[in-house]
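Participant: model the structure of this input:
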Amino acid sequence: GSGRGGGCNIYVSKLPAEASSVPALSAHFGQFGEVVKVKLLPHGDALVLFASPAQAASAVRTETHLVCGAQARVSYAHKQHVPAHVQQQQLQQQQQQMQM
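Facilitator: Residues are numbered from 1 along each chain as shown. Below you'll find the model as predicted:
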């Protein structure tokens, strides 16, 4: 890939229980672009994979994220959240089988 930008993955934290669902997160982040994959993590965190870095950037630049009425924190997913080989696998799997 060219450049070391934030990439397509964002990291969402401080989610309340009712917002910790794939449909809720897909619906919220769908307003910023095409959500390719949502992965729920423990403790009210999640990873959201966008189709392009520009879409992820617009989500990260947005100050306030209200998901199910609660404010969530959004930042770029760092290496410790998503290893590069996992990102590649996710993309390949996603292209093979579009779920949801």
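
Participant: list the buried residues in the helix or strand hosting V36.
Facilitator: Applying DSSP states H and E as the criterion places V36 in strand 35-41. By neighbour count on 16 or more other C-beta atoms under 10 Å, the buried set for strand 35-41 is V35, V36, K37, V38, K39. In this view, the C-beta of every residue, glycine as well, is placed from N, C-alpha and C.

Participant: quick one, what contacts L15?
Facilitator: L25, G44, D45, A46, V67, A70, A72 (C-beta atoms under 8 Å, 6 or more residues apart in numbering).

Participant: number of nearby residues for the second one?
Facilitator: Put plainly, it is G44. If you count neighbours by other C-beta atoms under 10 Å, G44 ends up with 16.

Participant: for the last one, same thing?
Facilitator: Around A72 there are 21 other residues, counting by other C-beta under 10 Å.

Participant: for it, which non-adjacent residue is spatially closest?
Facilitator: H65 (4.7 Å; C-beta to C-beta, 6 or more residues apart in numbering).

Participant: tell me the pLDDT of the one you found.
Facilitator: We have a pLDDT of 95 for H65.

Participant: ditto for H78
Facilitator: 77.

Participant: can you check the one 5 residues further on too?
Facilitator: P83 is assigned a pLDDT of 55 by the prediction.
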